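> build me a model:
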Amino acid sequence: MEDVRLEVEEKKKRQARQIMEAIELGVAKLLRTKEPCQVSSMESRIEMCLRIIAPFQASLKV
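Got it, this is the predicted structure:
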């Protein structure tokens, strides 16, 4: 039973890492884009990205 619990926890952590990696790639792409977007300044883009990432960062603290 303990083995199953450990497997589930590891799977959860692995999935959380995969989600964070995908978000980080998306954020990096957003920050690199040269096209104008709704957010005008680089600081605003960074703040927007941090707001997107915050809930996922909390879920990684398992």
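
> any weak-confidence spans in the chain?
Along the chain, segments meeting pLDDT under 70 span 34-40, 42, 57-62.

> residue boundaries of the helices in it?
Remark: helices assigned in the chain by DSSP state H are 2-32, 42-60.

> same for the shortest one, what does it pack against?
Right, helix 42-60. If you count contacts as 3 or more C-beta pairs under 8 Å, 6 or more residues apart in numbering; DSSP states H and E, helix 42-60 packs onto helix 2-32. To be clear about C-beta, it is placed using only N, CA and C from the backbone, and glycine gets the same treatment.

> quick one: the helix it packs on to helix 42-60, angle?
180 degrees (axes from the mean of the first three to the mean of the last three C-alpha atoms, to 10 degrees).

> tell me the buried residues in helix 2-32?
Neighbour counts using 16 or more other C-beta atoms under 10 Å place 16, 27 of helix 2-32 among the buried residues.

> which other helices and strands contact that helix?
Checked by 3+ C-beta pairs under 8 Å, 6+ apart, helix 2-32 has helix 42-60 packed alongside it.
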